[in-house]
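**Student:** what's the 3D shape of this:
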Amino acid sequence: MTASALRGLEPLSSPLEEQQLRALNQALTGLSPVQLAWVSGYLAGVGGLAPPAAADAQQAVPTLTVLYGSQTGNARRVAESLGQKAAGRGLAAQVVSMGDYKPRELVRERFVLIVLSTQGEGEPPESARELHGFVLGKRAPDLSELRYAVLGLGDSSYEHFCRAAQELDRRLSELGAQRVLPRECCDVDFEGPADAWAGRALDKAAELVPTKSADVLTLPGVHLVPLNRHDRDNPYPAALIERRCLTTDDAVGDVRHLAFAVDPHQMRYTPGDALGVWFRNDPALVEQVLRATGLDADAVVTLGEDALSLVDALLERLELTQLHPTVAHAWSQLSGDRRLKDLAADKARLRAYAAQHQPIDLLTEFPGRPEPADLASALRALQPRLYSIASSQAELEDEVHLTVSVVRFHAHGRDHLGGASGFLAERLAEDATTGVYVTENPEFRLPEDGATPIIMVGAGTGVAPYRAFLQQRAAGGATGPNWLVLGNRHFRRDFLYQLDWQAWRKAGLLHRASLAFSRDGADKVYVQQRLREQAADVYRWLAEGAHLYVCGAIAMGQAVHQALLDVAAQGGGLNAEAAREFVDGLRGAGRYHRDLY
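**Tutor:** Prediction:
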């Protein structure tokens, strides 16, 4: 079904149908014949029609399975690229999210490539928890017939770098599976190493998997029909149309609401998704880096296949506000400073130093005179920042909203400003554009049944997705009760989106609100305390089928998790083991959703 095929259809009876057809045509653009056949069979099944003959493609059992566990979309991109490269080599393959894969199917597999990211304190992504837990658990089967390889994505600035992938790789081997490649652990700049690993993995696959087809069969649940044509490598130019403060001038933090205009035919998102934002570094900071290193702004450096001036590289391509331990380690060699070399030799101290400094602090504290190419090589590639989307297209189809906390602090003798947050708050002019893309978060979704109760727990900017949730529920006429548990510092200074919550409360959409402002009294009160205080009601809501959402910092998420165990014990009268089983049951049933950062 292509654009030309669609032209012969009967005229549509309404603008809505025309819009739906345009969306369908856009979604089908670029799909392979096998993918189009799958879509045809799927739609026929949905419509109650007999599947066409081409549905035989569905029945073909691929011999290569690519499993991915992704939190921010990077592992998914790598896995889907692997599938396309397999197709290019004539290998039949299926690409499946771990969240859509039945763990016991592993015993039937013969060759599996696994791409797994690590989040938080060495944990697997939410979508990978069930499969990861099954493989590491006591009920995991003998897997001696399985050949496999594991690619881990992580960030070495964290202590438990790629731990989820390491654990899975080790356990698969213990279960008898045969590792065909050493595990690869990729750092923040994962593209090059991941691409090289993919080549080696597919070389092995070509030896072990018979050639069957030149197409990839992407299974249901893996977004066979992409909603967006824009990604981090091809971002959408969104124009800033609104920027306003959500906090008072005397607040400790500076939080901004931003609205961008988007074309709904080119960009679609779902409440719970995140928006990736590209940005330019602060010219004043670039000038400081040039002064600290004594380098010529017009010196030419090469990044990948591009030759550009050093000043342009520093403005647009290199990371200047987040210091990674590998950058400090590389600078220790370039500067030759003995103090820094001693620091770099201690990984724990180096991680702590990197977490508390920006690259400009490093360059001035440990001076050096590198060549332009050496500085460009030492610095990391600029990475987009992800922000929870604070709006629903069901209410505002042509806009996307963000809630951005501006990183601003004074340390080490100078003022510091966040890269993306400073760009969005101060340097991006109204009506100017910046590149954005949607990162889907299928593990943080509203229940399909609008009558299902939800409890939304968030602190600080962690309330952003709940604004989108309530917009969506209001537009869809959802009848399920909504309970918001919101935390911040001060009621008067930091009550983010106060008027929105009050309006929804008055309209009867927000049935319950529990507020925790930690610095308004002598005793600090946090969201986890509010949950414990109302343990009986929280437990009753959950026992009756409510979904629980937690969004915010990792430490807050851990505190809320412990509070949930206490809620089950206090509100449900359960012992410690039964309380853990209750909370684990919520997660296993897909009713406990977390989005932590």
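**Student:** does Ser377 sit in a helix, a strand or a coil?
**Tutor:** helix (DSSP: H, G, I helix; E, B strand; the rest coil).
**Student:** you'd agree it is up against Val327?
**Tutor:** No - here Ser377 does not reach Val327: they are 10.3 Å apart, not a contact under CB atoms under 8 Å. Using the backbone N, CA and C atoms, a C-beta is placed for each residue, glycine as well.
**Student:** Let me know how buried Arg244 is, in neighbour terms.
**Tutor:** 8 (other CB atoms under 10 Å).
**Student:** beta partners for it?
**Tutor:** Following DSSP bridges, Arg244 is listed with bridge partners His257.
**Student:** how far does stretch 397-414 stretch from start to finish?
**Tutor:** Across its full length, stretch 397-414 reaches 42 Å between end residues, using CA to CA, to the nearest Å.
**Student:** quick one: average pLDDT of that stretch?
**Tutor:** For stretch 397-414, the mean pLDDT works out to 96.
**Student:** How much space separates the residue nearest the centre of the chain from Gly450?
**Tutor:** Centroid-nearest residue in the chain: Thr72, 1.9 Å away (criterion: CA atoms, centre = their mean). In this structure, Thr72 and Gly450 are 28 Å apart, going by CB to CB, to the nearest Å.
**Student:** The residue nearest to Leu510 when sequence neighbours are not counted: which element?
**Tutor:** Distance criterion CB to CB, 6 or more residues apart in numbering; nearest residue to Leu510, sequence neighbours excluded, is Trp504 at 4.0 Å. Under the criterion of DSSP states H and E, Trp504 resides in helix 498-507.
**Student:** what's in contact with the helix or strand just after that helix?
**Tutor:** Downstream of helix 498-507, the next assigned helix or strand under DSSP H and E is strand 512-517. Applying CB atoms under 8 Å, 6 or more residues apart in numbering, the external contacts of strand 512-517 come out as 459, 481-491, 494-495, 501, 505, 525-527, 529-530, 534.
**Student:** try it again with 10 Å
**Tutor:** 453, 455-457, 459, 481-495, 498, 501-502, 504-505, 524-531, 533-534, 537-538, 541 (CB atoms under 10 Å, 6 or more residues apart in numbering).
**Student:** For the residue nearest to Leu510, report the pLDDT, please.
**Tutor:** pLDDT at Trp504 comes out at 98.
**Student:** List the contacts of it.
**Tutor:** Here Trp504 is in contact with Arg467, Leu470, Gln471, Arg473, Ala474, Asn482, Leu484, Tyr497, Leu510, His511, Ala513 (criterion: CB under 10 Å, 6+ apart).
**Student:** Buried ones only from these, please, as a ChimeraX command.
**Tutor:** To isolate the buried ones among the contacts of Trp504 in ChimeraX, judged by 16 or more other CB atoms under 10 Å, type:
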select :467,470,471,473,474,482,484,497,510
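**Student:** Serialize the contacts of Trp504 to a markdown table and add fields for pLDDT.
**Tutor:** Formatted as a markdown table, those follow (pLDDT from 0 to 100):
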| residue | pLDDT |
| --- | --- |
| Arg467 | 98 |
| Leu470 | 98 |
| Gln471 | 98 |
| Arg473 | 98 |
| Ala474 | 97 |
| Asn482 | 98 |
| Leu484 | 98 |
| Tyr497 | 98 |
| Leu510 | 98 |
| His511 | 97 |
| Ala513 | 97 |
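**Student:** would you list the contacts of Trp504 in CSV and tack on distance to Ala165?
**Tutor:** Formatted as CSV, the contacts of Trp504 follow (distance: CB to CB, whole Å):
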residue, distance to Ala165
Arg467, 34
Leu470, 37
Gln471, 37
Arg473, 37
Ala474, 41
Asn482, 37
Leu484, 36
Tyr497, 38
Leu510, 40
His511, 42
Ala513, 40
